[in-house]
Structures are given as structure tokens and as C-alpha cells.
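K.L.:
return atomic coordinates for the entry below.
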Amino acid sequence: MNPGSLSAQILDYANRADPYPLYAELRKTPVLREDDGTYLVSSYHAVRSLANDPRVSQDPRNRPPGYAAPGHSEEDSGLPPSFILTDPPEHDRLRATVNRPFGPPYSPRFLDGLRGELATAVTALLDAFDGKDRIDVVQDFAYPLPVTAICKVLGVPREDEPRFHRWADPVASGIDPQHGGLGAAEYQQARKEMGAYLADLIDTKRRHPGPGILSALAPDTGPGGSMTPADLVATAILLLVAGHETTVNLITNTTLTLLRHPDVLQRFQNEPELTVPLIEEVLRYEPPVQFVPVNITLADIDIADVTIPKGSPVWLMIAAANRDPSRFKNPDRFVPDREDNEHLGFYTGIHYCFGAPLARIEARLALPELFRRVKNFRLLEDPPPYRTNAVLRGPRHLPVAIDGLSA
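P.N.:
From the prediction side, this is the model:
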């Protein structure tokens with residue numbers, strides 16, 4: 001990768017706190033070819049078109065010989081790719097199987113049934129702030145809540161939740177072209193450990209069913225089933241990232257954005273009906289996933305007056321598309337009640353974020369309570385320290401001063 005290329009600058013940690021000027025530069029050439037043959041696609045309509053184009057593949061088996069894939073190879077951990085890295089019909093079969101116990105139309109009340117437990121978890125996390133004058137929003141709130149949530153979804157025993165904390169960052173680094181600052185060996189080790197744990201848990205759930213989707217899916221594995229045991233393990237690992245890492249960033253990015261916009265924060269605290277559109281605007285303005293770097297073209301594709309040749313790596317730049325002035329009025333302004341906000345914060349097409357419904361529930365429960373109960377938030381660092389991961393972009397820590405807690 002050319003050190004002076006736009007992709008290299010986007011990956012450079014020095015630009016992590018504010019990559020948006022780079023995205024604006026990218027949009028001047030909506031389909032940009034880099035020296036290594038990678039195409040960066042940054043306009044809203046081009047990103048949306050290619051994300052829905054069956055000639056664009058996320059399956060690593062379609063990568064040309066010698067292509068160095070972004071991030072880490074899932075196959076190196078001894079497990080198959082998760083369904084997000086497959087194409088139809090395999091993708092559709094696996095995703096439909098997993099969706100049956102997770103959401104509509106088969107299980108429309110599953111996620112809704114978690115609201116009470118998640119609300120209790122939010123209350124417990126906030127109660128722990130009592131007597132403190134300083135907190136880290138990430139470590140003390142935004143990080144532990146999604147771990148609790150995804151463990152409830154999977155059916156992981158509460159006493160095992162700390163293991164997921166230890167595995168989360170190394171596993172999430174697999175999507176980052178720079179490995180998120182973590183080595184391939186650390187990624188593979190975390191994925192193997194998590195895979196071994198989940199394989200044992202799935203076996204236990206098969207013999208002794210309990211709450212959570214692993215119990216519901218375990219009978220689908222094995223001879224005649226719609227997925228193999230290894231497929232289910234790979235899927236469960238995917239859900240850790242899809243159902244956890246994105247939500248950490250969504251909660252943290254919303255908190256930081258509100259603290260940077262005190263006028264909007266005051267409205268948020270006084271207008272409960274603002275919660276839903278405000279969270280959607282954060283998904284546009286500061287999306288938890290910045291770009292998707294794992295695409296390969298299966299044929300020549302003509303788009304935006306450019307022909308992308310068959311076999312080309314393509315990065316779809318979600319965060320750049322979300323601020324495209326040809327689609328959004330005043331795109332660099334944070335407008336909490338923005339109309340016609342069809343953002344790409346959770347992507348689009350067949351790879352639309354599987355964990356999006358859960359992330360929205362968590363954010364809508366957590367953020368109003370956070371700003372209702374915590375008194376007088378003040379940022380202690382702006383910008384705060386960011387995670388090294390360029391794809392899953394968000395603060396690693398968000399230290400704030402507070403004046404106590406309301407009941």
C-alpha cells in the first residue's frame with residue numbers, strides 16, 4: 001500500500017479522530033483506483049448500488065490468487081467463514097437458519113422479550129456510578145452492556161461473560177485491514193479459544209436446552225441439518241462482533257456527539273420522542289462501521305463512469321457515503337430530527353447488519369437513562385483516545401467528569 005494513498009491515510013491512526021476530511025477528498029473521485037488495484041467507492045449512490053450488486057462478493061474463496069485479504073483469515077483458525085463472508089445461496093441458507101430464533105417473522109418477540117433484562121442491566125451499570133466524580137463511558141457503560149446483551153441472546157451463562165470481554169477485541173480485529181493493531185496469532189488464538197468454548201456450550205445446549213438462540217439452533221446441526229456444528233460456532237463468533245462491537249461504538253459515539261452539541265443534548269433530555277431519530281442520525285453522522293473492505297468483483301462493473309475490472313478488491317466507504325452532499329442536505333451538520341434519513345450506518349443489501357435490531361434496542365434503552373440519571377457530564381479529553389481499528393471506529397476510552405447520580 002502506497003504510504004501517501006488515501007487508503008493509507010484513512011488507516012493511519014493519526015487521522016482516526018477525524019477521518020471526514022479524507023472522506024470528502026475521496027468523494028471528489030467517487031470510484032477511485034489505488035496503485036495496488038483496490039477501488040475505493042465513496043458516493044452514496046455508488047456504495048448503495050454495489051452493496052446490492054450480486055456481482056460483488058464477500059466470499060474469500062472468490063479472491064484472486066495472491067490477493068492479500070484485509071485483516072485476518074478466518075480459515076486460519078480452523079473454522080469456516082461466518083455467513084457474512086459467503087454469497088447466495090449459502091449465505092441465504094445460513095442467515096435464514098440463524099434468523100429463525102432471533103427475529104421476525106419466525107420469532108417476533110424474542111428480542112422484545114429481552115427488554116426487561118436489558119433495562120435491569122442498564123440500571124445496575126448506572127447505579128455503580130453512585131459516589132463517583134469521574135467515569136469512563138466506554139469501560140463503565142458502553143462496553144459491558146452489549147456483552148451482557150449478546151450473552152443473553154446466545155444463552156451464555158452469566159459467570160462466563162468475562163471471557164467474552166477478553167476475546168472481543170482480538171476477534172473484532174479480523175475485519176480491519178491493519179489488524180486493529182493486533183497480530184494474526186492473537187486473533188487466531190482468541191478465535192480458537194472462543195470456538196472451543198462455544199462448541200462445548202452448543203453440545204451442552206443440544207443435550208440440555210435452555211434460553212438463547214444456541215439452544216434453538218443446536219438441533220439444526222449435524223446430519224440432515226441446515227448447518228454444520230462448525231457453521232454454528234462461526235456464526236456465534238460473528239454475533240459477538242455484529243451484536244457487540246457495533247453497539248459499543250454506537251453508544252459511545254452518541255454520548256460524545258451529544259456532549260459536543262449541548263443544545264441538542266438539552267433537547268434530548270426534554271423530548272423523549274427525539275430518541276429514535278437522534279440515534280438514526282448518529283448512525284449517519286458517526287457510523288460505528290466506517291467501511292467494508294472485503295469485497296471482490298465477480299465481473300467487470302460499470303459505475304460512476306468507471307469500469308471496475310473482474311477480480312478487483314473494493315472498499316465500500318459507508319462513512320463517506322453517509323456524508324455525501326448529493327444525498328443529504330448539510331451532511332456535516334448533526335441534525336437530530338433529520339428527515340429522509342436513509343443512511344447506510346448498518347449497511348444495506350443481503351449483508352445488512354444482522355445485529356441491528358438488538359443494537360437499536362440497547363441504544364434506545366441505555367442512552368435516555370444515561371443522560372437522565374448522570375448529572376452534569378463534562379468531557380475530560382476531546383478528542384478522546386480512539387481504538388486502533390479503522391473499520392470499527394470509536395473511542396477506546398471516553399473519560400468524563402460528573403456531579404453524581406439521580407435516582
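
K.L.:
show me which positions of stretch 313-323 end up buried.
P.N.:
313-323 (16 or more other C-beta atoms under 10 Å). In this view, the C-beta of every residue, glycine as well, is placed from N, C-alpha and C.

K.L.:
which residues touch Met194?
P.N.:
163-164, 167, 171, 237, 240 (C-beta atoms under 8 Å, 6 or more residues apart in numbering).

K.L.:
check those residues and tell me the two furthest apart.
P.N.:
Arg163 and Ile237 (12.6 Å; C-beta to C-beta).

K.L.:
higher neighbour count, those two?
P.N.:
Set Arg163 next to Ile237 and count neighbours by other C-beta atoms under 10 Å: Ile237 wins out with 22 against 15.

K.L.:
quick one: which helix or strand includes that one?
P.N.:
Using DSSP states H and E, the element containing Ile237 is helix 229-240.

K.L.:
which SSE is Ala168 in?
P.N.:
Counting by DSSP H and E, Ala168 is found in helix 161-172.

K.L.:
same thing with Ala196?
P.N.:
Going by DSSP H and E, Ala196 is in helix 184-207.

K.L.:
doesn't Asn15 make contact with Gln9?
P.N.:
Yes: when contacts are counted by C-beta atoms under 8 Å, Gln9 is listed as touching Asn15 (5.8 Å).

K.L.:
now do the shared contacts for these two.
P.N.:
Common neighbours of Gln9 and Asn15 (criterion: C-beta under 8 Å, 6+ apart): Leu22.

K.L.:
show me the shaky parts of this protein.
P.N.:
For the chain, applying pLDDT under 70 flags the ranges 1, 3, 66-77, 173-184.

K.L.:
pick out the residue closest to the middle of it.
P.N.:
Thr246 (2.9 Å; C-alpha atoms, centre = their mean).

K.L.:
that one touches Gly355, doesn't it?
P.N.:
Yes: applying C-beta under 8 Å, one finds Thr246 in contact with Gly355, separated by 6.3 Å.

K.L.:
returning to what we had before: what helix or strand does the residue nearest to the centre of the chain sit in?
P.N.:
helix 246-260.

K.L.:
which strands and helices sit next to that helix?
P.N.:
helix 137, helix 144-154, helix 262-270, helix 275-285, helix 356-373, strand 378-379 (3 or more C-beta pairs under 8 Å, 6 or more residues apart in numbering; DSSP states H and E).

K.L.:
can you tell me which of those is most buried?
P.N.:
Most buried of the helices and strands packed on helix 246-260 by mean neighbour count (mean count of other C-beta atoms under 10 Å) is helix 137; its value is a mean of 25.

K.L.:
helices or strands next to that one in the packing?
P.N.:
helix 246-260.

K.L.:
the helix it packs on to helix 262-270, inter-axis angle?
P.N.:
With axes from the mean of the first three to the mean of the last three C-alpha atoms, to 10 degrees defining the directions, helix 246-260 sits at 120 degrees from helix 262-270.

K.L.:
contacts only, for Arg33.
P.N.:
Contacts of Arg33 by C-beta under 8 Å, 6+ apart are 39, 306.

K.L.:
so which pair among the buried residues of stretch 313-323 is furthest apart in space?
P.N.:
Pro313 and Arg323 (23.2 Å).

K.L.:
hmm, who's touching the longest strand seen in the chain?
P.N.:
The strand that spans the most residues within the chain, counting by DSSP state E, is strand 292-297. Under the criterion C-beta under 8 Å, 6+ apart, residues 50-51, 55-60, 62-64, 67, 69-71, 85, 175, 177, 308-316, 318, 347, 351, 391 lie in contact with strand 292-297.

K.L.:
do a quick rundown of the strands in the stretch 301-407 of the chain.
P.N.:
In the stretch 301-407 of the chain, strands defined by DSSP state E, counting those that start in this stretch lie at 301-303, 306-308, 313-316, 378-379, 399-401, listed in chain order.

K.L.:
and those strands: which comes nearest Ala218?
P.N.:
Nearest to Ala218, of all the strands of the stretch 301-407 of the chain, is strand 313-316, at 34.3 Å by C-beta to C-beta.

K.L.:
can you show me the CA trace of stretch 391-407 as CSV?
P.N.:
C-alpha atoms of stretch 391-407 as CSV (Å, rounded to 0.1, in the frame of the first residue of the first chain):
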residue,chain,number,x,y,z
VAL,A,391,-13.2,-0.1,10.4
LEU,A,392,-14.9,-0.4,13.8
ARG,A,393,-14.1,3.2,14.7
GLY,A,394,-15.0,4.6,18.1
PRO,A,395,-13.3,5.9,21.2
ARG,A,396,-11.4,3.3,23.3
HIS,A,397,-12.0,5.5,26.4
LEU,A,398,-14.3,8.4,27.0
PRO,A,399,-13.4,9.9,30.3
VAL,A,400,-15.9,12.4,31.7
ALA,A,401,-16.4,14.2,35.0
ILE,A,402,-19.9,14.0,36.6
ASP,A,403,-21.7,15.6,39.6
GLY,A,404,-23.3,12.5,40.9
LEU,A,405,-26.4,10.4,40.0
SER,A,406,-30.1,10.9,40.1
ALA,A,407,-32.4,8.2,41.4
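
K.L.:
noted, bye for now.
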